[in-house]
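Enquirer: Next come a sequence and a model predicted from it.
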Amino acid sequence: MEKVTDSNDCELKDNQLLGAPKLVNTTITFYGKGNILYCQKGVKLMNSALNFMGDHSIIFLCANRGGYLLGIQIYHNSVVYIGADNYMVNGRVNISVSEQQNVLIGNDGMYSFDCWLRTADPHLLYDSNTHKRINYSKSILIGDHVWLGQHVYILKGSTLGSGCIVGAGGIVSGKTLESNAVYAGNPVKRVRQDVFFTGACVHAYQEE
C-alpha cells in the first residue's frame, strides 16, 4: 500500500502521481500497482479520499472551479475522467468504479451535495432458472454542462446528455437522458424539455 496525504509527499514506487495537486485534508491511497493519478495544473483536493483498490487504473482530474470534494473508489483496469470547470465544492461527490468499467464526466457541470455515481450493484445477481448472472456492471457517461441536484444517484449504464438537469433525490438507472431536459423522481422521468441553465444563484435575489 502506498499513501499520499501531502502535496510534497509523492515518492511512489509502484504507482504514479502526475502533476502537483494541492491537498487539504485529503488522502490518496494506492492498494495495487500500475495506477496513475493525473492532475492538471491548479487542481485542489479538499476533504477528499481517492482509493485505488486494484491495478492499472487512471483518475484524470482537470482544473475546475473552487476545487474538488471527492470520494472515489476505483478497482482494476478502469478510468475516471472529470473534465474542466466543473463545480464540485458544495458537498462530496462519490464515485465507485468496479469491474473494469469507466466514469467519464464532461466540462462545466454543477454537482450538489451527496451525489453518487456507481458502475456496479455491486453484489452478484443470478437468474434462478438459468443460473446465469443478470447484473453485469456498466460504464457511466455524463456530458457537458450537466446539473445534478442534491442526493442524486447515477447508476450503471446511464448516459446523461449535455445540458440536462436531474432534480434532487433523482435516481438514474441505466437510462439515457436527453440533452437540455429536466428529469426528476425515482426512477427519473422527463418533466421538461428544451431548457438551459446558468450558474447564477437565486438565494439572495430580492426582485424578479
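Expert: That came through fine.
Enquirer: biggest strand in the chain by residues?
Expert: Counting by DSSP state E, the longest strand found in the chain is strand 88-97.
Enquirer: what's the average pLDDT for that strand?
Expert: For strand 88-97, mean pLDDT is 94.
Enquirer: Now that strand: buried residues?
Expert: Buried residues in strand 88-97, defined by neighbour count with 16 or more other C-beta atoms under 10 Å: Met88, Val89, Arg92, Val93, Asn94, Ile95, Ser96, Val97. (Each C-beta comes from the backbone N, C-alpha and C, glycine too.)
Enquirer: doesn't Ser112 make contact with the fourth one?
Expert: When you say that, I think you mean Val93. No - look at Val93 against Ser112 with C-beta atoms under 8 Å: they stay out of range, at 9.0 Å.
Enquirer: Tell me where the model's unsure across this structure.
Expert: Applying pLDDT under 70 to the chain flags residues 7-10.
Enquirer: returning to what we had before: reformat the buried residues of strand 88-97 as TSV; add distance to Glu2.
Expert: As requested, the buried residues of strand 88-97 are exported to TSV (distance: C-beta to C-beta, whole Å):
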residue	distance to Glu2
Met88	25
Val89	27
Arg92	23
Val93	24
Asn94	22
Ile95	20
Ser96	21
Val97	19
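Enquirer: from those, which two are the most distant?
Expert: Val89 and Val97 (21.7 Å; C-beta to C-beta).
Enquirer: helix, strand or coil for Asp144?
Expert: Put simply, Asp144 is coil when judged by DSSP: H, G, I helix; E, B strand; the rest coil.
Enquirer: who's in contact with it?
Expert: Gly83, Gly106, Asn107, Asp108, Gly109, Ser162, Gly163 (C-beta atoms under 8 Å, 6 or more residues apart in numbering).
Enquirer: ok, now Ile58?
Expert: Asn35, Ile36, Leu37, Tyr38, Ser78, Val79, Val80, Tyr81.
Enquirer: of those, closest to Asn129?
Expert: When those are compared against Asn129 (criterion: C-beta to C-beta), the nearest one is Ser78, at 31.8 Å.
Enquirer: what about the closest one, how many neighbours?
Expert: By other C-beta atoms under 10 Å, 24 other residues sit near Ser78.
Enquirer: any idea how far it lies from His203?
Expert: Applying C-beta to C-beta, to the nearest Å, the value for Ser78 to His203 is 37 Å.
Enquirer: Same check on Ser137?
Expert: For Ser137, the distance to His203 equals 39 Å [C-beta to C-beta].
Enquirer: again, but for Asn35
Expert: According to C-beta to C-beta, Asn35 stands 40 Å off from His203.
Enquirer: who has more neighbours, these two?
Expert: When neighbours are counted by other C-beta under 10 Å, Asn35 and His203 differ, and Asn35 comes out ahead with 26 against 4.
Enquirer: Name the residue closest to the centre of the protein, please.
Expert: When the chain is reduced to its mean C-alpha position, the nearest residue by C-alpha atoms, centre = their mean turns out to be Ile95, at 4.6 Å.
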